[in-house]
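# What shape does this take:
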Amino acid sequence: MAALRKGKTEKEKEKDKDKELEKRTTLNARKGSLPEEPTTKDLMKELLKIQAEIKTIQNNQEAQTKASKSETEAMKKDMKDMKEELQSLQSLVKEEMTTVKNDVGKLKQDNIDLIKDNTTIKNHQEMVRKKVKSFEELIDKVQSQQEMMEIREKETQLRFRNVIEEEEDNIREVIVDMIAQLTKKKRTDAETEVDRVFRIQTTHSRKFKTPKDIIVQLTKKNTRDEILREHSKSPLQYKGNRIVILKQIPISVLERRRNYNFLTDELKRRNLRFKWEKREGLVTTWNENKYWLTSEAKARAFWDKYLKKKNENKQGYEEEGRGKCTPHHNDYADSVTKRLNLLEEEDNEKGRKRPREISPGNYTFQKETTKIDIDHLDKKSDNDDKKN
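Presented below is the predicted three-dimensional model:
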């Protein structure tokens, strides 16, 4: 039994040795810096080192936390400032939006007011246009009436030209003697038919240095017609000068008659008779038919159908109505064009305005006169024009 106890003790001792070895190995594994058999002093040093490391780690952590806290506080402050700026910007944007809305509202109201003003102005313009149109119609009516009155007044007037001026001459007695000589009436009867006699200065007398024209106001139109008829048969002579007797026609009528020169020249060249209407136009005969050409368009249509050259050859062309026409059509057209150019230059010098004349060989119509049937230019179709 004693031997067994000794054996056990040996075994226990071996076990204790093994345990110590394991402890040492574990200590060496955990702390390689420790000696194999550390002392308490070494352990205390190690513990102090560990405590110092822990303190440094804690200090570092505290510094990091402080730095993070300061950074977070700075970020919070920046965020706060940004919020304030955003709020101020929002307030400014709101104010600007309100001002813009107000401006837009004002602009809309101004636009509405402008539209209303524009409509009122348009209505006013329309009223003014209508009034102007009515005034123009009234003016045209008054002018036509005035022109007719002037025409009626001048129906009993005559113009005597080339009557020599003498000092202290009695032009009334001279004119009465001429009228008595032409009409073969007594001097007393001729004197009763003369109302007024006076001289006037004209461009013709200034240009050609001739005596002033004499205007004779008669009491009857028949007397005027009789004087013109007898004078055409046997022209008067006064002190060696041939006397020219002319009708008195208003200037406006003469200006309109110039637009028919292209036709009247051709009618004269063909020895065709024509008669002027009182206000505008003329009457002519073609192939024993009368035509009332009371507008320039009708005159040009008549020219285009009857007087325009149709068959061109070297010897000219023969007439279609009566008589013979020897001049070449192109030469005549050139002469008409030259005449029209001279008239235009004269109008420009005197400041007058009229529609530009166009040569017969190359002319155009207005919209309302492009289509004209010349066969309807007779007396029946022109009754309305004569009434006007």
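# Buried residues of the helix or strand that residue 198 is a member of, list them for me.
If you go by DSSP states H and E, residue 198 is part of strand 194-200. The neighbour-count check on strand 194-200 (16 or more other C-beta atoms under 10 Å) flags 194, 197 as buried. All C-beta atoms are positioned from the backbone trio N, CA, C, and that covers glycine.
# quick one: contacts of the next helix or strand after it?
For strand 194-200, the succeeding helix or strand toward the C-terminus, using DSSP H and E, is helix 203-208. For helix 203-208, contacts defined as C-beta atoms under 8 Å, 6 or more residues apart in numbering pick out 161, 210-213.
# For this protein, just list every one of the helices.
For the chain, helices defined by DSSP state H occupy the ranges 2-30, 40-154, 171-183, 187-192, 203-208, 221-233, 251-258, 261-269, 296-302, 329-350, 383-387.
# Pick the most buried one from the ones you listed.
helix 296-302 (a mean of 21; mean count of other C-beta atoms under 10 Å).
# name the helices or strands packed onto it?
helix 261-269, strand 282-286, strand 289-293 (3 or more C-beta pairs under 8 Å, 6 or more residues apart in numbering; DSSP states H and E).
# what about 7 Å?
Helices and strands touching helix 296-302, by 3 or more C-beta pairs under 7 Å, 6 or more residues apart in numbering; DSSP states H and E, are strand 289-293.
# hey, C-alpha coordinates of the strand it packs on in CSV?
Listed next in CSV are the C-alpha coordinates belonging to strand 289-293 (Å, rounded to 0.1, in the frame of the first residue of the first chain):
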residue,chain,number,x,y,z
ASN,A,289,-73.7,103.7,-137.4
LYS,A,290,-73.3,106.2,-134.6
TYR,A,291,-71.2,105.3,-131.5
TRP,A,292,-71.2,107.2,-128.2
LEU,A,293,-67.7,106.8,-126.8
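# Tell me what angle it forms with strand 282-286.
150 degrees (axes from the mean of the first three to the mean of the last three C-alpha atoms, to 10 degrees).
# who wins for proximity to residue 245 among the helices of the chain?
For residue 245, the closest of the helices of the chain is helix 221-233, at 4.9 Å, according to C-beta to C-beta.
# so how far is that closest one off the chain centroid?
Here helix 221-233 shows a centroid-to-chain-centroid distance of 54 Å under the convention C-alpha atoms, centre = their mean, to the nearest Å.
# which strands and helices sit next to it?
Counting contacts by 3+ C-beta pairs under 7 Å, 6+ apart, helix 221-233 packs against helix 171-183, strand 244-247.
# The first one relative to strand 194-200, how many degrees between them?
Between the axis of helix 171-183 and that of strand 194-200 there is an angle of 120 degrees, by the same axes, to 10 degrees.
# Just checking the distance from helix 171-183 to the centre of its chain.
60 Å.
# Check which helices and strands it sits against.
Here helix 171-183 touches helix 187-192, strand 194-200, strand 213-218, helix 221-233, going by 3+ C-beta pairs under 7 Å, 6+ apart.
# can you redo those as CSV with distance to residue 58 and mean pLDDT?
Output for the helices and strands packed on helix 171-183, formatted as CSV (distance: least, C-beta to C-beta, whole Å; pLDDT from 0 to 100):
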stretch, distance to residue 58, mean pLDDT
helix 187-192, 155, 89
strand 194-200, 136, 90
strand 213-218, 139, 91
helix 221-233, 144, 90
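# Columns distance to residue 11 on top of these, output as TSV?
What follows is those, written out as TSV (distance: least, C-beta to C-beta, whole Å):
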stretch	distance to residue 11
helix 187-192	196
strand 194-200	179
strand 213-218	181
helix 221-233	184
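# Understood, closing this out.
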